[in-house]
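K.L.:
Have a look at this fold, sequence not included:
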Ligand code: AHM
Ligand code: MG
């Protein structure tokens, strides 16, 4: 079944369906742009600037943001907030929905041919002024999803009725369903964390990871493996397909004392997809979808994946 057909049959709101179809078309163009090396010269690809949050920004980050804006201008959308823009864009209309996006997640992997992707979250404006609408908590999302530009271009989507996985059929340039009921295994023996930051970890994180590393000889009495791609979309894709737990906790670095990942366009959309696939997503103690939003670029600790592991990690945080 094609994405368009799935939306026609399952998306009760016609405007929401148009926005998702247009974001999928934007992703197809971003995927082509990434693959077509002569569209942006190699020297351009490697050029770096700094975004509002002090993070490195590359030409493909900016190009992807521009592509999304072009497609949203053709969509029934009232406003857009993105990693690449300081404030939100007001499309100056009375449309019902607002969109958040990380236009190209995995910046550090852009120039090394490792999977990167586009993350989005869609919320109703709920008759609020836009600045208030953009600070609603993740529980208000009507849909979220992410595209992975990897060996295949794939698309995880939720409308709040489960999580689906689509793949791009390049012959017809359309997304087709490859799994209509993504389900994260409850237990896992695979964790994902950037272990280079061990010296900055808080004590629940250090204890949880040490227990995993102690393997069969330790309190967990089983061996764990580790994976860390460094693109949230790629790590989330693996966890949605075969389980696992992802951890980007708050740590002792001043810049990351509230975590590194952003709540509105990274943690919230991923948390919605993970919960709809039977997993859990927390900031340590609280479910990500309940965390109050103060500003668009707010950071949050993020731990998500197979529910058994997330619950064990939460117990470590509660016992702190
Ligand atoms: P980005 O949105 O600028 O790409 O940053 C987010 C990325 C995530 O994709 C990934 O999980 C994380 O940063 C990796 O961080 P680190 O380089 O500290 O391991
Ligand atoms: Mg990102």
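P.N.:
Thanks, I have it. Quick caveat: nothing in here was measured; it's all calculated off a predicted structure. Ligands and ions are numbered 1, 2, ... in the order given.
K.L.:
Low-confidence bits of the stretch 51-200 of the chain, can you list those?
P.N.:
51-56 (pLDDT under 70).
K.L.:
From the centre of this structure, point out the most distant residue.
P.N.:
residue 217 (34.9 Å; Cα atoms, centre = their mean).
K.L.:
For ligand 1, see how far away it is.
P.N.:
28 Å (Cβ to the nearest ligand atom, to the nearest Å). C-beta: built from backbone N, CA, C; applies to glycine.
K.L.:
What pLDDT is listed against that residue?
P.N.:
At residue 217, the model reports a pLDDT of 97.
K.L.:
Residue 100 reaches residue 133, doesn't it?
P.N.:
No: counting by Cβ atoms under 8 Å, residue 100 stays clear of residue 133, with 10.6 Å between them.
K.L.:
who's more crowded, those two?
P.N.:
residue 100 (28 against 20; other Cβ atoms under 10 Å).
K.L.:
Show me the beta-bridge partners of that one.
P.N.:
Per DSSP bridges, the residues bridged to residue 100 are residue 81, residue 121.
K.L.:
all helices of the stretch 1-150 of the chain, in order?
P.N.:
According to DSSP state H, counting those that start in this stretch, the stretch 1-150 of the chain carries its helices in the segments 3-10, 14-35, 42-46, 59-73, 130-133.
K.L.:
Which among those helices is found nearest to ligand 2?
P.N.:
helix 59-73 (9.3 Å; Cβ to the ion).
K.L.:
which helices and strands does the closest one pack with?
P.N.:
With contacts taken as 3 or more Cβ pairs under 8 Å, 6 or more residues apart in numbering; DSSP states H and E, helix 59-73 sits against helix 14-35, helix 42-46, strand 77-82, strand 97-105.
K.L.:
Which stretch among the ones you listed is buried most, on average?
P.N.:
The highest mean neighbour count among these, using mean count of other Cβ atoms under 10 Å, belongs to strand 97-105: a mean of 28.
K.L.:
I'd like the helices of the stretch 1-150 of the chain laid out as CSV, including distance to residue 164.
P.N.:
Output for those, formatted as CSV (distance: least, Cβ to Cβ, whole Å):
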stretch, distance to residue 164
helix 3-10, 7
helix 14-35, 11
helix 42-46, 32
helix 59-73, 21
helix 130-133, 26
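K.L.:
so who does residue 73 touch?
P.N.:
Neighbouring residues of residue 73 by Cβ atoms under 8 Å, 6 or more residues apart in numbering: residue 91.
K.L.:
how near is residue 280 to residue 310?
P.N.:
4 Å (Cβ to Cβ, to the nearest Å).
K.L.:
okay, and the common contacts of those two?
P.N.:
In terms of Cβ under 8 Å, 6+ apart, residue 280 and residue 310 are both contacted by the residues residue 304.
K.L.:
Compute the distance between the nearest residue to residue 13 once chain neighbours are set aside and residue 258, please.
P.N.:
Of all residues not flanking residue 13 in the chain, residue 142 sits nearest, at 7.3 Å (Cβ to Cβ, 6 or more residues apart in numbering). Distance from residue 142 to residue 258, counting by Cβ to Cβ: 26 Å.
K.L.:
any idea how far residue 262 is from the residue in the stretch 1-150 of the chain positioned nearest to ligand 2?
P.N.:
At 3.4 Å from ligand 2, residue 105 is the closest residue in the stretch 1-150 of the chain, using Cβ to the ion. Separation of residue 105 from residue 262 (Cβ to Cβ) stands at 10 Å.
K.L.:
Which residues of the chain lie near ligand 2?
P.N.:
Taking Cβ under 5 Å from the ion as the criterion, the chain approaches ligand 2 at residues 102, 105.
K.L.:
ok, now which ones touch the nearest residue to residue 126 once chain neighbours are set aside?
P.N.:
Leaving aside its sequence neighbours, residue 126 sits nearest to residue 133 (Cβ to Cβ, 6+ apart; 6.6 Å). Residues counted as contacts of residue 133 (Cβ under 8 Å, 6+ apart) are 78, 79, 98, 123, 125, 126.
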